[in-house]
Structure formats: C-alpha cells, structure tokens
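Colleague: What follows is a predicted structure for the sequence shown.
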Amino acid sequence: MRTIQGNVVQEALDRHRRTGENLGKCLMAQGWPDEVSALQELASSLGIRFIDLSEETIDRTAAGEIPSELINKARVIPVALEGDRLVLAMANPFDFQTVEHIEILTGKQVERAICSESDMAAAMQTFYGHSVERMIKHLEKPGHEDAADNTQVGHLREIASEPTVVNLVNLIVVRAIRDRASDIHIEPFDSVVKVKYRIDGILHEMPAPPKHLQDAIISRVKIMADMNIAERFVPQDGHIELNFEGREVDVRVATVPTIYGECVVMRLLDKTSFLMGMETLGFDEDLLRRFQRLLEYPHGIVLVCGPTGSGKTSTLYAALATIFTPERKFITIEDPVEYELEGVNQIPVRPKRGLTFATGLRAIVRQDPDVIMVGEIRDSETAEIAIRSALTGHLVLSSLHTNDAPESMARLLDMGIQPYLIASAVRGVLAQRLVRKVCTVCRERVEPTELVMEHIRRELGEGITPTLYQGKGCSECGGTGFRSRTAISELMLVDEMIRKFILERAPGSEVRKYVSPRMRTMRQVGWEKVAQGITTPDEVIRATYLGEQSEETGLDA
C-alpha cells in the first residue's frame with residue numbers, strides 16, 4: 001500500500017491553506033484515487049483513528065460538551081467520551097490551536113481522529129444548529145409575534161437582533177456558500193417571502209421563511225451590511241465581509257423597494273476561488289493563443305462582450321493577471337472593485353461623489369499608466385475617453401453589453417463614437433456565454449437523437465462521433481446533474497475589411513456574414529463541448545439560440 005510521506009502531507013496542507021479545499025481533496029491532488037482512502041492512509045501514518053461519521057454512533061453526551069457555534073467554526077465533531085478523553089473527529093487534524101482550546105474549555109484530554117468533510121457536514125446538520133428547513137418549521141409555529149405592522153426603527157432593530165432571526169439569516173448565508181451559490185435573493189410577495197439561490201447561473205427556490213419575519217430578516221441583513229434600516233423606500237447598497245471555514249467571502253448587498261417590501265440581493269464573492277488562469281475559464285488552445293496575442297499589443301482597446309452574468313469580469317481579471325509585470329503600471333476603474341489584484345491600482349466608482357467611469361478615466365490617463373481596465377463601457381463619454389486613451393499609447397481592456405462580437409461595432413457607433421476612432425483603436429472583441437458542465441460524479445452516457453446529430457453536423461460538419469453525457473443528480477451537484485460552468489466564446493480580430501465596414505457604418509449582420517467563415521462562433525464552440533461530453537445540448541441552445549425550445553433536443557438514454 002502506498003504510504004503518505006511527510007513532504008506529501010506538507011504539500012497538501014499548503015494547498016489547503018492556499019485554496020481553502022478540504023484536506024481530503026488536497027491529498028487526492030497528490031495522486032490518491034478517492035478521499036476516503038487518502039484520509040485512511042493519513043490516519044495510519046499519524047497513528048490516529050479514521051472515523052466514518054455516516055456509520056459511527058455519536059454520543060450525545062460528548063456532542064453536548066462543546067458549544068455548537070465553536071463546532072461549526074472549528075469544523076470538529078465530538079464523537080465519544082472515554083473516561084477523561086474526548087474523541088474529536090476533525091476535518092483537519094493538524095489544527096492544534098482548536099485542540100488546545102477545546103481541552104481548556106472541557107477540561108478533558110482530546111484524542112484526535114480524522115473524518116471526511118462531507119461526513120462532517122452531514123453530521124453537523126444532524127446534531128447541531130438546525131438546518132434552514134428545521135428552523136423555519138419551528139418559527140412557523142403559532143405564538144410568534146406578528147411584526148408586519150411594527151416598523152418603527154427601534155422595534156426593527158430589536159427584532160432583527162433576536163437570536164432566532166440572527167441564526168436564521170446566518171444559516172441562509174452559510175448554506176448558500178456551501179451550495180456554491182453566487183447570489184441570494186430575498187423577494188417579498190403578498191403572502192410569502194421567497195428565498196432563492198443562484199447556482200451555476202440558475203435560480204433555485206429554497207424553503208420560504210414565515211411572512212411575519214420579513215421585516216426582521218431584511219433589517220438583519222441591512223444591519224450586517226451597515227445600511228440604513230430606517231430608509232425603506234429608496235435603493236441602497238451595502239457590504240459584508242465574512243470568514244467562512246478559513247475562506248474570505250465578500251457579500252455585496254443591494255435593496256430595492258417593491259409594493260410588498262424591500263427586495264434584497266446578496267452577491268457572494270469567494271476570494272479564494274475566484275481568480276483563475278485563462279486556461280481554466282474554458283477557452284480552447286487556439287482561441288487562448290490568439291487572445292493572448294491581442295493582449296501583447298502595446299496600445300489599442302480589447303473588448304469582452306456578453307450579457308450580464310456571462311463571465312466578462314472573470315475574463316478581464318484573468319487577462320490582467322496573465323499580462324501583469326512589475327515593470328508596467330496597471331490601473332483599473334470598476335463598479336465595484338470585486339477582487340483585489342496584487343500590484344494593480346484599483347479605483348472604485350463613486351457616482352454620489354462625482355467619481356464616474358468617465359471622470360475616473362480622465363484622471364487615470366494623467367497617472368501615466370501602461371494598461372487600463374475599464375470595468376464596463378456604459379455611455380458615450382466613457383467609450384470616447386477609453387478609445388482616445390487607446391490611441392495615445394495605452395492598452396485598454398473593457399467590457400460591453402452586446403449579444404455577440406460583430407454587434408459590438410454597431411453598439412459603439414450607436415453610442416455616437418466616430419467611425420474612424422473605432423476603426424483605429426479596437427484590436428479585437430471576445431464575446432462569451434457561460435454554460436453549465438455535466439456533473440462528473442453522477443453523469444451517465446446517453447445516445448444523441450437525430451435532431452441533436454443534425455445540429456452537430458450543421459455546426460461541426462460530417463464525420464463527428466459525439467460522446468454525450470447527462471447528470472442523474474447526486475449530493476455533489478445538489479440533484480441538478482450539473483456542477484460549475486465553462487465559457488463558450490468567439491474571438492473577432494479587427495482586420496482591414498472590418499475597419500472598412502466600420503467606416504461605412506455597416507450593420508452587425510453584415511459584419512457577422514463576413515467574419516463567420518473566418519472564426520469559430522460561440523454556437524460552434526458550444527456544440528464542440530456537447531460532442532466532448534462537457535455540457536448538454538439544452539445548455540448550448542439556452543445560451544446561444546433565440547426562439548428555440550430546449551426540449552426539442554430530446555435526449556434518449
């Protein structure tokens with residue numbers, strides 16, 4: 001049997017600290033086939049127990065030795081009391097600070113044991129805290145005060161500080177982070193308050209909290225985000241910083257008034273999992289090579305296009321990380337600054353104080369930068385300054401809301417930018433969408449229907465033998481059959497003919513007719529990923545086809 005060496009453990013621990021991944025997965029990255037065998041071998045090497053919490057009977061007396069708040073924070077489970085020893089299952093048995101703290105707290109000697117992270121999460125939900133569903137069920141019992149009409153500021157602050165409300169909001173946020181949600185939506189309606197998580201771009205409705213707690217829940221979120229709880233009739237923005245299981249999570253909070261109360265969106269930004277290299281975003285080697293060549297230009301503007309939620313910001317950050325060197329000055333202006341980039345000067349837009357994209361960009365040019373990133377071109381003033389900056393010796397990266405790459409030229413023309421400026425400054429346009437990836441844990445092979453084969457032949461040509469998969473749904477993917485997302489992209493390089501189209505103010509359809517045979521479109525890239533078993537036909541149709549019904553694909557197992 002393979003034995004875990006000290007340097008392997010150290011590398012796994014370094015990866016754990018760097019990425020926030022659980023220790024089992026970090027060991028798997030060193031070559032073990034599965035998490036359980038890796039942890040069992042680690043336990044044997046350390047001379048301690050491996051505990052399978054799914055089969056172990058947990059002593060409730062031991063479980064009551066430690067407060068649930070500490071258990072959740074430290075990621076440990078007290079399993080048994082053996083004399084004056086407390087057997088402690090740990091996801092990270094090298095957390096000696098927690099061991100020492102628990103020994104002082106309980107007055108007992110702690111015996112370390114290893115368990116898997118998934119078993120730990122299941123045991124916590126069973127023995128501690130309450131799940132969201134269980135707490136909501138408890139709060140729905142009669143006897144709770146109806147707070148709907150008690151909207152005085154003092155009362156709102158009081159009910160928002162009640163332990164039940166605090167715990168419920170905390171559980172909603174923690175579950176969202178564990179479920180890999182990007183947003184939490186709290187939406188008030190006539191007789192219900194809906195809570196939804198956006199996971200891999202799709203909204204999933206969660207158990208609804210009692211209607212009478214609507215004001216308390218929303219006020220609690222606003223208090224956490226340092227917002228004005230007395231102001232309920234104008235939009236507000238706030239910010240929460242969390243430390244969850246060793247990971248830094250930023251929460252951007254936005255409220256808007258509706259006829260039934262304030263609608264809240266909490267955007268979760270996990271700093272440890274966001275910043276990725278260009279190669280991990282889903283670009284194929286050919287497109288990546290051509291895009292990186294664009295980033296080598298000393299001046300000009302490179303645009304990343306797509307609708308909201310298409311991954312434009314991720315691509316821009318990855319592009320900056322790719323070309324960053326200390327020898328050049330990098331400045332960004334963003335709304336908001338989502339992630340901090342080491343060595344890059346980042347400016348947050350503050351319209352209320354007069355700092356808009358346009359005014360900030362004017363100031364940036366006077367800072368003598370080499371590379372400028374404009375988070376988004378929203379208006380003609382920003383567009384013109386960005387383009388003129390590109391013409392005066394700066395490399396400018398920015399995003400634009402358009403459906404595809406050829407349309408970006410027409411969009412800039414619609415903003416009132418002179419054609420000669422666009423033709424001279426724009427080097428290339430990357431347009432992209434995000435599609436969900438089939439869960440690799442529960443996927444199963446499926447046979448394509450004739451309609452799917454027709455799409456593949458039309459987009460990719462004859463002679464393609466596709467390998468299609470569908471996810472059955474499992475605990476890893478939350479029963480959806482999908483886990484994480486990948487980009488499908490098209491890259492349009494601006495050549496002399498496209499410059500001619502721009503100068504003639506040709507519509508986007510004319511530009512597309514010219515470039516389509518010369519580049520791989522998003523639709524073609526999407527169907528390539530279908531043929532490779534990465535995503536499904538429904539996902540590609542949803543992302544790239546307008547007016548087509550996804551059920552037309554008709555997959556047969």
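Modeller: That came through, no problem. Numbering: from 1, shown residues only.

Colleague: Without its sequence neighbours, what residue ends up closest to the residue nearest the centre of the chain?
Modeller: Centroid check for the chain by Cα atoms, centre = their mean gives residue 182 as the closest residue, at 4.7 Å. Closest residue in space to residue 182, ignoring its immediate chain neighbours: residue 198 at 5.1 Å, by Cβ to Cβ, 6 or more residues apart in numbering. C-beta here means a position set from N, CA and C on the backbone, and glycine is covered the same way.

Colleague: and if you look at residue 309?
Modeller: residue 201 is the one closest to residue 309 (Cβ to Cβ, 6+ apart), at 6.2 Å.

Colleague: Would you check how far apart that neighbour and residue 481 are?
Modeller: Look at residue 201 and residue 481: by Cβ to Cβ, to the nearest Å, they are 14 Å apart.

Colleague: So residue 278 is in contact with residue 289, correct?
Modeller: No - judged on Cβ atoms under 8 Å, residue 278 makes no contact with residue 289 at a distance of 10.2 Å.

Colleague: So for the two, which sits in the more crowded spot?
Modeller: residue 278 (18 against 10; other Cβ atoms under 10 Å).

Colleague: Which pLDDT value goes with the closest residue to the more buried one other than its chain neighbours?
Modeller: Nearest residue to residue 278 in three dimensions, chain neighbours excluded: residue 318, at 4.8 Å (Cβ to Cβ, 6+ apart). In the prediction, the pLDDT value recorded for residue 318 is 90.

Colleague: Just say helix, strand or coil for residue 318.
Modeller: helix (DSSP: H, G, I helix; E, B strand; the rest coil).

Colleague: Residue 453 and residue 469: what is the separation?
Modeller: 16 Å.

Colleague: more neighbours, these two?
Modeller: Using other Cβ under 10 Å as the criterion, residue 453 and residue 469 rank with residue 469 on top: 21 against 13.

Colleague: so which strand or helix has that one?
Modeller: strand 468-471 (DSSP states H and E).

Colleague: Could you list every helix and strand in contact with the longest helix anywhere in the chain?
Modeller: For the chain, the longest helix by residue count, based on DSSP state H, is helix 163-178. Helix 163-178 is packed against helix 132-139, strand 181-188, strand 193-199, helix 214-224, strand 236-244, strand 261-270, with contacts defined by 3 or more Cβ pairs under 8 Å, 6 or more residues apart in numbering; DSSP states H and E.

Colleague: Low-confidence stretches in the stretch 51-200 of the chain?
Modeller: 68-69, 125-155 (pLDDT under 70).

Colleague: try 50 this time
Modeller: 129, 142-149 (pLDDT under 50).

Colleague: count of neighbours near residue 465?
Modeller: The burial count for residue 465: 7, using other Cβ under 10 Å.

Colleague: nope, residue 446 is what I was after
Modeller: Neighbour number of residue 446 under other Cβ under 10 Å is 16.

Colleague: could you point out which element follows the helix or strand harbouring residue 390?
Modeller: Per DSSP H and E: residue 390 is located in helix 380-391. Per DSSP H and E, the first helix or strand lying C-terminal to helix 380-391 is strand 395-400.

Colleague: And that following strand, what does it pack against?
Modeller: strand 300-305, helix 312-323, strand 371-374, helix 380-391, helix 405-414.

Colleague: Tell me which of the ones you listed sits nearest to residue 527.
Modeller: Closest of the helices and strands packed on strand 395-400 to residue 527 is helix 405-414, at 17.7 Å (criterion: Cβ to Cβ).

Colleague: Run the chain-centre distance for the next helix or strand after the closest one.
Modeller: Downstream of helix 405-414, the first helix or strand assigned by DSSP H and E is helix 419-425. With Cα atoms, centre = their mean, to the nearest Å as the basis, helix 419-425 stands 35 Å off its chain's centre.

Colleague: ok, now how distant is the most far-flung residue of the chain relative to its centre from residue 62?
Modeller: Residue farthest from the centre of the chain, counting by Cα atoms, centre = their mean, is residue 83 at 46.2 Å. Separation of residue 83 from residue 62 (Cβ to Cβ): 12 Å.

Colleague: same question, residue 309
Modeller: 46 Å.

Colleague: So for the two, which residue has more residues nearby?
Modeller: residue 62 (19 against 14).

Colleague: That one: what secondary structure?
Modeller: helix.

Colleague: what are the bridge partners for the nearest residue to it once chain neighbours are set aside, then?
Modeller: Excluding the flanking residues, the one nearest residue 62 by Cβ to Cβ, 6+ apart is residue 78, at 4.2 Å. Beta bridges link residue 78 to residue 88, judged by DSSP bridges.

Colleague: quick one, what contacts residue 78?
Modeller: By Cβ atoms under 8 Å, 6 or more residues apart in numbering, the residues touching residue 78 are 58, 59, 62, 63, 65, 66, 71, 86, 87, 88, 89.

Colleague: For stretch 290-304, measure first residue to last.
Modeller: 14 Å (Cα to Cα, to the nearest Å).

Colleague: which outside residues touch that stretch?
Modeller: Applying Cβ under 8 Å, 6+ apart, the contact partners of stretch 290-304 are 278, 283, 312, 315-316, 319, 322-323, 377, 386-387, 390-400, 408, 425-432, 491, 493.

Colleague: ok, and for it, which residues are buried?
Modeller: 291, 294, 295, 299, 300, 301, 302, 303, 304 (16 or more other Cβ atoms under 10 Å).

Colleague: Please report the distance of the residue nearest to residue 278 from residue 479.
Modeller: From residue 318 to residue 479 the distance is 31 Å (Cβ to Cβ).

Colleague: Please identify which of these two sits among more neighbours.
Modeller: residue 318 (19 against 13).

Colleague: and the gap between the more buried one and residue 309?
Modeller: For residue 318, the distance to residue 309 - Cβ to Cβ - is 17 Å.

Colleague: go on, residue 378?
Modeller: 16 Å.

Colleague: ok, now residue 487?
Modeller: 12 Å.

Colleague: before we move on, back to that, identify the residues contacting the residue nearest to residue 182.
Modeller: Contacts of residue 198 were listed using Cβ under 8 Å, 6+ apart, and they are 181, 182, 183, 185, 204.

Colleague: out of these, who has the most neighbours?
Modeller: residue 181 (23 neighbours).

Colleague: what sits opposite that residue in the beta ladder?
Modeller: Residues in beta-bridge contact with residue 181 (DSSP bridges): residue 199.

Colleague: my guess is it meets residue 200, correct?
Modeller: No - using Cβ under 8 Å, residue 181 makes no contact with residue 200, being 9.1 Å away.
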